[in-house]
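>>> sharing a model prediction with you, sequence too.
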Amino acid sequence: MSRWVYIDEITPETPMGLIAENLRKAREIAHGDSRVPEQLKHYLQKALDIAVGLDPYLDAMSTAKKIASLEGCQLKVAGVEPKVKPHKECASGYLKGQVLRLFVHMVGAKRILLIGRLKGCVILAMAEALPVDGRITACATEPYLGVKSQEASDYSSHVKQISVKVGPTAATLEELVAVGEHFDIVFIDAAQRNAVNDYNFVMDNHLLRMDGVICVENTLMKGQVYLENISDENVLAVRKLNNVINSDPRVEQKELVKDDVFWGYNRCHILDRLRLDGKVAYVTGGGQGIGRAFAHALGEAGAKVAIVDLVLAKAEVVAEELSLKGIKSIALAADVSKPEDVQRILDAIVARWGTVHIACNNAGINMNSASEDTSLEEWDKTFNVNLRGLFLCCQAAGRIMLKQGYGKIINTASMASLIVPHPQKQLAYNASKAGVVKLTQTLGTEWIDRGVRVNCISPGIVDTPLIHSEDLKPLVQRWLTDIPAGKLAQVTDLQAAVVYLASEASDYMTGHNLAIEGGQSLW
Ligand code: NAD
């Protein structure tokens, strides 16, 4: 009977292999004993057929595609005697390799830790499912992969992604903790010595990423682990490990609510939610002061940034600074109070980067005069830049954003929108900045249901060229007494706010006036 051929080929490594082996022995006895009823022999045969067929069938059906690493290895040695022939054992690793490769793929794993010895072909199969920047770290008490590393490199280009750390496992694990490693999958061979300690160390030291996967091999010990009256120390050790893992709340936190707060919204940790990768931003008045700091912050968070300024040379310097840091940037000249300039810069940004996601309308000027002396010219000039210019930018950027159903507008208002700063006299400035807040509130509520959030930042007194004018400079000491924080703001104090308002983390905030003024508006 051809089915019997399988028996000799099966290594009784799995419980099913053992069942098959025992059934085969029983069947031999039954066949040699005429007292055994034919019906019993028939049922024994049936059970044996099922047991014998399972493992080879799973192997055959699950591994239609041979593991490339092994094919690679055979190709490599075509016509030449290989240095290390692929093991017969490797063939039985196909299924395991495929299953683990599937895990790696499904988890989207980048970092894998192996504790205990795995067949080289299985490791290579996992490595093949890794992205190019993925890595497998294997703890080994002696060099392995079945081959020395030079020889292993003949097998697969993916060997480069495998780093074998030779030495006592405990020391290797400590080393990994010291360098702050976290793994997406940790693989532990239950049959190796100290598996419980290694497991506990991994979990206690967060080597396994919070939502990572732990894979434990050899947990059944050929079925002995669940049999009664077992005294074999190795089996008892594996049984203990199984119990430890099974009762460890860190593995399956069944009693905890696992919602967006636990995992992070969209599975993103809070700092990642502040990232602006792939976003296109512009900053008006980006050539110096607060605008320059905003441009750096948005760029550092991942956005491409257009620096817009009345003075092209200043914008170019900042754009150059950003490119030195590897941030994509362009410099554009514009007077924001002119509609044609505003449209031109938006057209230029869209032509360059396809769209605009983040509009930072920051350009502003400050002039000082007693209200009774404020000229119409000063009033118009201030309003033209601070309010009309800001409106033109909001409208032009807003049209693009409304069309795409997404956008973040961040206007620079001022603490002067909340209090009347003194002793300097700046009616037009204060009124224009109060206008910025009302404009922000209006747009913020009008556009939010179409995906566009509009907020503003109100800095206190910031140490920039704006306050170094002849009129304002002498007042610095006086202001300090009005500021609970006891010092002027630096432009860097405002950077996190603009990133927050530009990111999805602030999606529920709109029409808001975010004051960053060291407490000055409260005194
Ligand atoms: P700043 O004078 O240092 O820089 C302003 C930049 O805007 C300059 O590069 C300038 O060339 C540019 N600019 C001026 N008019 C422009 C126009 N019409 N079109 C395009 N660009 C123009 O000023 P800053 O301190 O960085 O202030 C930036 C914003 O912050 C302003 O809106 C200001 O009102 C506001 N603000 C400043 C302070 C402060 O204490 N510095 C406090 C609150 C609010």
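Ah, there it is. Numbers count the residues shown, from 1 in each chain.
>>> can you list the residues of this structure near the ligand?
284-285, 287-291, 309-311, 314, 334-337, 362-366, 385, 389, 412, 414, 459, 461-462, 464-467 (C-beta under 6 Å from any ligand atom). Where C-beta positions appear, they are placed from N, C-alpha and C, glycine not excepted.
>>> can you tell me the residue of the stretch 51-200 of the chain closest to the ligand?
residue 180 (37.7 Å; C-beta to the nearest ligand atom).
>>> look up how far residue 339 lies from that residue.
Relative to residue 339, residue 180 is positioned 52 Å away (C-beta to C-beta, to the nearest Å).
>>> comparing these two, which residue is more hemmed in?
Neighbours were counted for residue 180 and for residue 339 using other C-beta atoms under 10 Å; residue 339 has more, 15 against 7.
>>> ok, back up a step: can you flag the buried ones in the residues of the chain next to the ligand?
For those, a burial check counting by 16 or more other C-beta atoms under 10 Å picks out 284-285, 287-291, 309-310, 314, 334-337, 362-366, 385, 389, 412, 414, 459, 461-462, 464, 466-467.
>>> among the residues of the chain next to the ligand, name the ones in strands.
284, 309, 412, 459 (DSSP state E).
>>> tell me the phi and psi of the residue of the stretch 51-200 of the chain closest to the ligand?
phi 70, psi 30 (degrees, to the nearest 10).
>>> surely residue 17 is within a helix?
Yes - assessed with DSSP: H, G, I helix; E, B strand; the rest coil, residue 17 lies in a helix.
>>> so where is the protein shaky, pLDDT-wise?
By pLDDT under 70, the low-scoring segments of the chain are 1-13, 62-94, 144-156, 253-256.
>>> what's the domain layout of it?
1-63, 98-254, 273-522 (automatic domain parsing).
>>> what's the offset of the last one from the middle of its chain?
Here the centre of mass of C-alpha atoms in domain 273-522, compared against the chain's by C-alpha atoms, centre = their mean, to the nearest Å, lies 30 Å away.
>>> for the second one, same thing?
Chain-centre distance of domain 98-254: 23 Å, with C-alpha atoms, centre = their mean.
>>> for residue 188, which non-adjacent residue is spatially closest?
residue 115 (4.7 Å; C-beta to C-beta, 6 or more residues apart in numbering).
>>> farthest-separated two in the ones in strands among the residues of the chain next to the ligand?
The two members of those with the most space between them (C-beta to C-beta) are 309 and 459, at 18.2 Å.
>>> burial count for the residue nearest to residue 292 when sequence neighbours are not counted?
Closest residue to residue 292 apart from its sequence neighbours, by C-beta to C-beta, 6+ apart: residue 318 at 5.1 Å. By the measure other C-beta under 10 Å, the count of residues near residue 318 is 24.
>>> isn't residue 318 right up against residue 295?
Yes - contact criterion C-beta atoms under 8 Å: residue 318 and residue 295 qualify, at 5.7 Å.
>>> residues shared between the contacts of those two?
By the contact definition C-beta atoms under 8 Å, 6 or more residues apart in numbering, residue 318 and residue 295 are jointly contacted by 286, 307, 329.
>>> need the longest strand for this protein.
Every strand in the chain considered (DSSP E), the longest is strand 208-217.
>>> which neighbours in the sheet does that one have, and how are they oriented?
strand 183-189 (parallel) (DSSP bridges).
>>> which SSE is immediately downstream of the partner strand?
Counting by DSSP states H and E, the next helix or strand C-terminal to strand 183-189 is helix 195-204.
>>> re the thing from before, what sits against the residue nearest to residue 292?
So residue 318 contacts 286, 287, 288, 292, 295, 296, 307, 309, 329, 331 (C-beta under 8 Å, 6+ apart).
>>> and of the residues you listed, the nearest to residue 270?
Set against residue 270, the nearest of these by C-beta to C-beta is residue 296 (21.5 Å).
>>> what's the helix or strand for that closest one?
Going by DSSP H and E, residue 296 is in helix 289-300.
>>> tell me which other helices or strands that helix touches.
Secondary-structure packing of helix 289-300 (3 or more C-beta pairs under 8 Å, 6 or more residues apart in numbering; DSSP states H and E): strand 280-284, strand 304-309, helix 312-324, strand 358-361, strand 407-412, helix 495-502.
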